[in-house]
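[1] Okay, predicted coordinates and the sequence, questions at the end:
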Amino acid sequence: MKRDHFPDYRTLLYQAILLVLAGGLAFAIFHTTQTNLERLGVHSGFDFLWLRAGFEIGQSLISYGPDSPIIAALWVAFLNTLLLALVSICLSTILGFAIGISRLSGNWLLSQAAKAYVEIFRNIPVLLQIFFWYFIVLRALPGTQNSYRFFEAIFLSNRGLFLPSPVLKEGFWFALALVVMVFVACTVLHRWMKQRRVGNNGHVWRNYARIGLMTIVLMFFIWFAGSFVSWEIPRLGRFSYQGGMVLTPEFVALAFGLAIYNASYIAEIVRSAFQSIPRGVVEAAESLGLRKTAILRLVTLPLALRVIMPPLTTVYLNIFKSTSLAAAIAYPDVMSVFVGTVNNLIGQPLEIMTVTLLSYAFVAFAISLLMHLYSNKQALKSGEK
Amino acid sequence: MIQVRRLLSGTILALLLLPIVSHADTLADVLSRGILRCGITENSPGFSTINAIGEREGFIIDQCKTISAALFGRISVEYVGLTPQTAFVSLQAGRIDVFAAGATWTFRRDVAMGLNFTGVSYYAGQGFLVRKSAHVKRVADLDGATICVTQGSTNEQNLADYFVAHGLKFTPVTFADMEQALEAYEMGRCDAVTNERISLAGRRRSLRSPDEHLVLSESISKEPVGAAVRHGDDRWRDIVAWSFNVRLAAEELGVNQANVDEMRAGSKNAEVRRLLGVTGGFGKDLGLSDDWAYNIIKLVGNYADVWERNFTPMGVDRGLNNLWSNGGLLSALPFR
């Protein structure tokens, strides 16, 4: 029994030697690089992150200007990347599931259309698709002077979709806190009522009445909070609209391109997951008298989700890493801003690549961790471990 | 078993030590190799293009040819196409001998990036390409505009610095490639494109309707552009720097590609005779043959020859890039 738990000393010794060698190699690489950089007179170190950036970024979620430090530029680029990845992941998941399920539909036209979709968009390189969407979007939309106008507050042109942006007045955060408290109170109340079976015993309409009442209360409070916000409407300047928020063609093209491409992969994953469920299980559920939607919810979906999770994680990671293609069409993500612009200004590719690699690795690791936790939770829910 | 281990450790040690071997004698390396590895950028009208029969031509190509003529007396160049992102690393790592495409001679590049500059090859300025219909006369009229920029060199920095200093606002759309920036500009994504003025003039001619666009005469930066070599090799730097100087000196002294032979044979001007190797032995001091300057002028030409071959067909006049005696900024260092 002791042999099972403690490896013998020889194995430990080999592992220790290997560790020392690996550490030695890493140190040797680091030291050689340092020496060579000094010999060549190249400045090294990470202190460039606090220099004044000196350049402007086309879109940013936080306030940024040429006077901000380079680390602020990195943060802006990072947020842009995250936003793009998030939107692309959501869009591609929705589209992918829809296409995947259509593939299994009994309607011949629908399943053939889904098949065609997968075959077309899976086989064309994603960069080409992104370029396609970008230049299509630019070509299809009108110039600033002829923008489409909605309610004189929303404008669509080839410079982007201009939306009013919220300007928060005093007391907004207080009002928001109030709304959150009311929401929590409603939820707690609802659970309590359900537990105590208040208004139940077959009277379904009382459930709806309960939900309806709480919705009205919630909406009232949201309206109340909303009155603490004023909106800044974009105005037409000499060249284009000033003020408000803008959704640029670059972002839209990237989100579309990535979503449509990756949706074809997700569709195939979904299809194979559903097809992997043995017919016997479904028949057994049918023989128990469960309705079709109940079978889907209680039997098919949990089984399918377990099969979908690992490849879906891969697709999500792919989406996140493909956002680096943004550099090709002028969307300011980490590759474009940091490895492109900052590298050119500062000229320290080693440090810059290290920071970039770490950022991507960190987020990728976080994504796969989240997916792993979620699939574990699913497994536990259905009683398996 | 012991032999294998010794071989393995020896190999690892050798691999680790390799980078420490010094690169301080570029001239010897290049001469023994027989070919010059010259870093260029590609696809830039007037600077570096490929003509109808597949040969490279342009101002940058002529820079490479100048150095090659000085070294070998013939054109023996390996052109390495680079982007602004990879250029300096390639030079630092020894992939190329000289970055002939040149970059703006700035403090940071000279001091903190391990590069040495070899004089000013030409004075550039960052300018703007705008639509005539936008009625923009000066840069100040571009307040609030959307501007397509390309990454690389000091484009983005200059743009931000100028606009901030003059209290103007702008929105950049930053591309990695000039081609895409121009495509987006033509489709109306932005109001102006910014890049070096001479290259913009060349690009304007390749647009769908060149007459609808113009390059603003104002430039927002002073860009002395020079070819770069690595730190740590003084002789190589001297060779490259003085090779470029030969062309300017030749123009000042009235020697050009057409008359270089008769000048060598019959000139009474002492400096011409020193330049063309008739007297003085200057080539030997550099480690080259005494024909080095004659070869440059014979194979490539003087500065005016090079400019007229590459930029005059685009309609770009010399402006600041003329000799000091003609109102420009260029002046040759004396061959004494």
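    Done, it's in. Bear in mind the structure is a predicted one, so any value in this text is a computation, not a measurement.

[2] Okay, helices next: where are they in the stretch 101-250 of chain A?
    Remark: helices assigned in the stretch 101-250 of chain A by DSSP state H, counting those that start in this stretch are A:108-122, A:126-140, A:172-195, A:204-226, A:249-275.

[3] Please list the outside residues in contact with the fourth one.
    Contact partners of helix A:204-226, identified using Cβ atoms under 8 Å, 6 or more residues apart in numbering or on different chains, comprise A:172, A:175-176, A:178-179, A:182-183, A:186, A:189-190, A:193, A:199-200. C-beta coordinates here come from the backbone N, C-alpha and C atoms, glycine included.

[4] quick one: which of those is nearest residue A:246?
    Lowest distance from residue A:246 to the contacts of helix A:204-226 (Cβ to Cβ) belongs to residue A:172, with 22.6 Å.

[5] Tell me how far the residue nearest the centre of chain A lies from residue A:372.
    When Cα atoms, centre = their mean is applied to chain A, the residue found nearest the centroid is residue A:86 (1.7 Å). The gap separating residue A:86 from residue A:372 is 19 Å, by Cβ to Cβ, to the nearest Å.

[6] Check residue B:290 too.
    When distance is defined by Cβ to Cβ, residue B:290 is 74 Å away from residue A:372.

[7] Next up, phi/psi of residue B:37, please.
    Backbone dihedrals for residue B:37, given as degrees, to the nearest 10, come out at phi -90, psi 110.

[8] Pretty sure it sits against residue B:80.
    Yes - assessed by Cβ atoms under 8 Å, residue B:37 is found in contact with residue B:80 at 5.9 Å.

[9] Between these two, which contacts overlap?
    Counting by Cβ under 8 Å, 6+ apart, the residues touching both residue B:37 and residue B:80 are B:95-96.

[10] Report the distance from stretch B:264-278 to the chain centre.
    Relative to the centre of its chain, stretch B:264-278 is centred 29 Å away, using Cα atoms, centre = their mean, to the nearest Å.

[11] tell me the domain boundaries of the chain?
    Here I'm looking at chain A. For chain A, the structural domains run A:2-40, A:70-125+A:250-381, going by automatic domain parsing.

[12] The chain in question should be chain B.
    By the assignment in automatic domain parsing, chain B contains the domains B:24-123+B:224-314, B:126-221.

[13] For residue A:134, which of those is the nearest?
    Nearest to residue A:134 among those is domain B:126-221; the distance by Cβ to Cβ comes to 8.4 Å.

[14] Between the two ends of stretch B:166-175, how far is it?
    End-to-end distance for stretch B:166-175, by Cα to Cα, to the nearest Å: 24 Å.

[15] if we can go back for a sec, residue A:125 is nearest to which of the domains of chain B?
    The closest of the domains of chain B to residue A:125 is domain B:126-221. By Cβ to Cβ, the value is 16.6 Å.

[16] And residue A:160, how far from chain B?
    Between residue A:160 and chain B the computed distance is 9 Å (Cβ to the nearest Cβ, to the nearest Å).

[17] what about that residue, neighbour count?
    Residues contacting residue A:160 under the criterion other Cβ atoms under 10 Å in any protein chain shown number 26.

[18] Which positions are bridged to it in the beta structure?
    Beta bridges link residue A:160 to residue A:157 when assigned by DSSP bridges.

[19] Tell me, how many residues neighbour the residue lying closest to residue B:135 once chain neighbours are set aside?
    Distance criterion Cβ to Cβ, 6 or more residues apart in numbering or on different chains; nearest residue to residue B:135, sequence neighbours excluded, is residue B:141 at 7.5 Å. Neighbours of residue B:141 under the rule other Cβ under 10 Å: 19.

[20] how about the strands in the stretch 1-150 of chain B?
    B:36-40, B:49-50, B:56-57, B:77-81, B:98-104, B:115-117, B:122-124, B:126-131, B:145-150 (DSSP state E, counting those that start in this stretch).

[21] Could you check which helix or strand contains the residue nearest to the centre of chain A?
    When elements are assigned from DSSP states H and E, residue A:86 belongs to helix A:70-103.

[22] How much space separates residue A:94 from residue A:259?
    Separation of residue A:94 from residue A:259 (Cβ to Cβ) stands at 9 Å.

[23] Same drill for these two, tell me which one is more crowded.
    residue A:259 (22 against 13).

[24] Look up the closest residue to the more buried one, ignoring the ones flanking it.
    Nearest residue to residue A:259, sequence neighbours excluded (Cβ to Cβ, 6+ apart): residue A:91, at 3.7 Å.

[25] For residue A:262, see how far away that neighbour is.
    Separation of residue A:91 from residue A:262 (Cβ to Cβ): 9 Å.

[26] These two - which one has more neighbours?
    Under the neighbour definition other Cβ under 10 Å, residue A:91 and residue A:262 were set side by side, and residue A:262 has more, 25 against 18.

[27] As a check, name the ranges of all helices in chain B.
    Applying DSSP state H to chain B gives helices spanning B:2-17, B:26-33, B:59-72, B:84-93, B:107, B:155-165, B:178-186, B:197-204, B:234-253, B:260-266, B:270-275, B:282-286, B:292-299, B:303-310.

[28] And those helices: which comes nearest residue A:145?
    Among the helices of chain B, the nearest to residue A:145 by Cβ to Cβ is helix B:178-186 (16.6 Å).

[29] Tell me the gap between that closest one and the middle of its chain.
    Offset of helix B:178-186 from its chain centre (Cα atoms, centre = their mean): 23 Å.

[30] Looking at residue B:290 and residue A:372, which is more packed in?
    residue B:290 (17 against 13).

[31] ok, the residue nearest to the centre of chain A - contacts?
    So residue A:86 contacts nothing (Cβ under 8 Å, 6+ apart).

[32] And it, what's its pLDDT?
    Listed pLDDT for residue A:86 reads 95.

[33] again, but for the one 10 residues further on
    Confidence per residue is given as pLDDT, and for residue A:96 that number is 95.

[34] tally of neighbours for residue 316?
    The chain I'm using is chain A. Residue A:316 is flanked by 22 other residues according to other Cβ under 10 Å.

[35] wait, I meant chain B there
    19.

[36] Pull up the gap between residue B:39 and residue B:228, please.
    Taking Cβ to Cβ, one finds residue B:39 at 9 Å from residue B:228.

[37] In the stretch 251-385 of chain A, where is pLDDT below threshold?
    A:380-385 (pLDDT under 70).

[38] One more: the stretch 1-150 of chain B?
    Using pLDDT under 70, the flagged stretches of the stretch 1-150 of chain B are B:1-23.

[39] repeat for the stretch 151-300 of chain B
    B:153.

[40] near chain A, which residues of it?
    B:151-154, B:156-157, B:159-161, B:163-164, B:170-177, B:180-181, B:183-184, B:187-189, B:191, B:230-232 (Cβ under 8 Å from any Cβ of the partner chain).

[41] Could you rerun that using 6 Å?
    Residues of the stretch 151-300 of chain B found near chain A (Cβ under 6 Å from any Cβ of the partner chain) are B:151-152, B:156-157, B:160, B:164, B:171-176, B:187-189, B:191, B:231.

[42] Would you mind checking these for buried ones?
    By neighbour count, with 16 or more other Cβ atoms under 10 Å in any protein chain shown, those hold B:151-152, B:156-157, B:160, B:164, B:171-176, B:187-189, B:191, B:231 as buried.

[43] from the chain's centre, how far out does stretch B:256-270 sit?
    28 Å.

[44] And for it, what's in contact with it?
    Applying Cβ atoms under 6 Å, 6 or more residues apart in numbering or on different chains, the contact partners of stretch B:256-270 are B:255, B:272, B:276, B:297-298, B:301-302, B:305.
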